[in-house]
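K.L.:
Structure for this input, please:
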Amino acid sequence: MSSFSILRATASFLAYPILRSRLPATSNTGLPRDEESQVGSHVPKQIEDYPRGYPRMAALQSSDPTFTMFRRFALLHVRTLLLAQDEICYLEEQLHDIDEKERTQLYLSSRVYDENSERQTVIREIKTKLREYDDDLDRFFKQYAYHEPTPRSLQSFRGWMNFTKPLIEPEAKFIQSTDFVSPPHKVEEGYLEELVEILARKSGIDDGLLKTERERRQSSDPDLHFYSIRRRRVVARIILTTVACSTLLIPTAVLFIVPNRGARLGVISIFTVLFGSIVALITQARRHDIFAATSAFAAVMVVFVSNIP
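P.N.:
Okay, the predicted model is just below:
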C-alpha cells in the first residue's frame, strides 16, 4: 500500500467523529430529534385547535360519521342527464336519416366498405356521448346506495355551522339544502341507537356511559358531543336483548295467571301487536322480516297456551 493511501485512510478515520458530532441527532423515524419533536408538537389535538374556516369544518366532518355528509346535487345530476339524453336522441335521429337516405346498399351492409363519412362521424360522436352518458348514469345511481343523514344529525350539523360560522355567508348557504347523503353504515343501526344517545344525554350519564377518553378529547366545545360507536352499540344490544326477553317472559307469566281461555287469547293478541311494533320501530327489519318474526311469536304463544291445563 502506498504512503498516500495510508495518509488518506488515517485522515478519514480521524475526521469521522468530527463530522458525526456536527450532524443533528436522529431518531428511529429518520428525522432529526428536534424536527421530530416540532412535528409532533404542532399536530392539533382538538377540533378547536384547527383554524376557523374550512380547516375546522373539515376536522369536524372527518371526526365522526354523524357529521360526514355532503350534498347529492340530485337536481343537477338529473338535469345534465336529461340534456345528455337529448343530445343522444338527436344523434340517433341523424343516424336514422343518414341510413334512410343512403343509396348504396353495400355501405349499409358492410362496415369495412362503408365510405359514408357523415355516418362514420355521427357514429363516433354517438360512441363518445354514450360513454359519457353511461358513466354519469352509473355514478348517479350509485349515490342511492348512500344513506340520508338522520334529521337529528343534520340539525346538529346546522347548529354547529350557525354557531361557529366557519364560512362566509355565501359559501355557507349549502347547509340549508335537504339533499345530503352520508356514507353507508358498516353494521345495522336503527332508531334504538339514537334513542340511547337522547336518553343518556338527558339523564346526564352520557359522558361516562357512551364516551371514552378519545371522544372526550375531540372537542372542548361543551355543546359538541362525540360518542363511542362501540359503546353505543353495546348499550343498544343490551337494551334490545332485555326487551326481547321481556316480550317472551312477561306474557308467559301472565298466561299462567289468567285462568280464562278467552282472556288468554286477548293477552296473546296484545303482546303480539306489541312485539311486532317493537321490531318495526327499534330495528331496521324489512317488511317480510317483521311479518315472519311476528308470526313466529304468535305461534309460540299459541302453542304455549295449548299446553296449559
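K.L.:
most centrally placed residue in the protein?
P.N.:
The centroid of the chain falls nearest to P183 when counting by C-alpha atoms, centre = their mean (1.6 Å).
K.L.:
pretty sure that residue is touching Y146, no?
P.N.:
Yes - counting by C-beta atoms under 8 Å, Y146 is a contact partner of P183 at 6.5 Å. From N, CA and C alone the C-beta is placed, and that goes for glycine too.
K.L.:
G276 is in contact with A293, correct?
P.N.:
Yes - checked against C-beta under 8 Å, the pair A293 and G276 is within contact range at 7.4 Å.
K.L.:
Next, the buried residues of stretch 144-160.
P.N.:
Buried residues in stretch 144-160, defined by neighbour count with 16 or more other C-beta atoms under 10 Å: P149, T150, S153, L154, S156, F157, W160.
K.L.:
Quick one: end-to-end distance for it.
P.N.:
Length of stretch 144-160, first residue to last, C-alpha to C-alpha, to the nearest Å: 27 Å.
K.L.:
can you pull the contacts of L195?
P.N.:
By C-beta atoms under 8 Å, 6 or more residues apart in numbering, L195 lies in contact with I282.
K.L.:
doesn't it fall inside a strand?
P.N.:
No - assignment of L195 by DSSP: H, G, I helix; E, B strand; the rest coil gives helix, placing it outside any strand.
K.L.:
ok, V196 to S203 distance?
P.N.:
From V196 over to S203 the distance is 11 Å, taken as C-beta to C-beta, to the nearest Å.
K.L.:
what's around the residue lying closest to E102 once chain neighbours are set aside, how many residues?
P.N.:
Excluding the flanking residues, the one nearest E102 by C-beta to C-beta, 6 or more residues apart in numbering is L108, at 5.5 Å. L108 has 13 neighbours, counted by other C-beta atoms under 10 Å.
K.L.:
As CSV, could you dump the C-alpha coordinates of the helix or strand encompassing L108?
P.N.:
Assigned by DSSP states H and E, L108 falls within helix 105-109. Extracted as CSV, the C-alpha positions of helix 105-109 are listed here (Å, rounded to 0.1, in the frame of the first residue of the first chain):
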residue,chain,number,x,y,z
GLN,A,105,-76.7,-0.9,-50.3
LEU,A,106,-73.1,-2.0,-49.8
TYR,A,107,-72.5,0.9,-47.4
LEU,A,108,-75.3,-0.3,-45.2
SER,A,109,-74.4,-4.0,-45.5
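K.L.:
Use 630 as the first number from now on
P.N.:
Yep, numbering from 630; the last one is helix 734-738 now.
K.L.:
Centre of the chain to the next helix or strand after it, how far?
P.N.:
Remark: after helix 734-738, the chain's next helix or strand is helix 746-771, criterion DSSP H and E. Offset of helix 746-771 from its chain centre (C-alpha atoms, centre = their mean, to the nearest Å): 31 Å.
K.L.:
for helix 746-771, packing partners?
P.N.:
Helices and strands touching helix 746-771, by 3 or more C-beta pairs under 8 Å, 6 or more residues apart in numbering; DSSP states H and E, are helix 703-730.
K.L.:
So which bits of the helix it packs on are buried?
P.N.:
Buried residues in helix 703-730, defined by neighbour count with 16+ other C-beta under 10 Å: H706, A713, I717, L720, Q723, L724, I727.
K.L.:
and what of stretch 758-773?
P.N.:
Buried-residue list, stretch 758-773, by 16+ other C-beta under 10 Å: K758, Y762, F769.
K.L.:
do stretch 920-935 as well
P.N.:
In stretch 920-935, counting by 16+ other C-beta under 10 Å, buried: A922, T923, F926, A927, M930, F933, V934.
K.L.:
Repeat that for stretch 744-757.
P.N.:
Buried residues in stretch 744-757 (16+ other C-beta under 10 Å): N745, R748, V751, I752, I755.
K.L.:
what's the closest of the residues you listed to Y679?
P.N.:
I755 (49.2 Å; C-beta to C-beta).
K.L.:
For the residue nearest to that closest one when sequence neighbours are not counted, give me the pLDDT.
P.N.:
Once flanking residues are discounted, I755 sits nearest to L720: 4.9 Å by C-beta to C-beta, 6+ apart. Looking at L720, its pLDDT is 96.
K.L.:
related to what we said a few turns ago, could you provide the buried residues of stretch 744-757 in TSV, with additional columns for pLDDT?
P.N.:
Listed next are these as TSV, based on pLDDT from 0 to 100:
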residue	pLDDT
N745	90
R748	92
V751	95
I752	94
I755	96
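K.L.:
Put together JSON lines for these, with distance to A892 on each row.
P.N.:
Formatted as JSON lines, those follow (distance: C-beta to C-beta, whole Å):
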{"residue": "N745", "distance to A892": "87"}
{"residue": "R748", "distance to A892": "83"}
{"residue": "V751", "distance to A892": "79"}
{"residue": "I752", "distance to A892": "78"}
{"residue": "I755", "distance to A892": "74"}
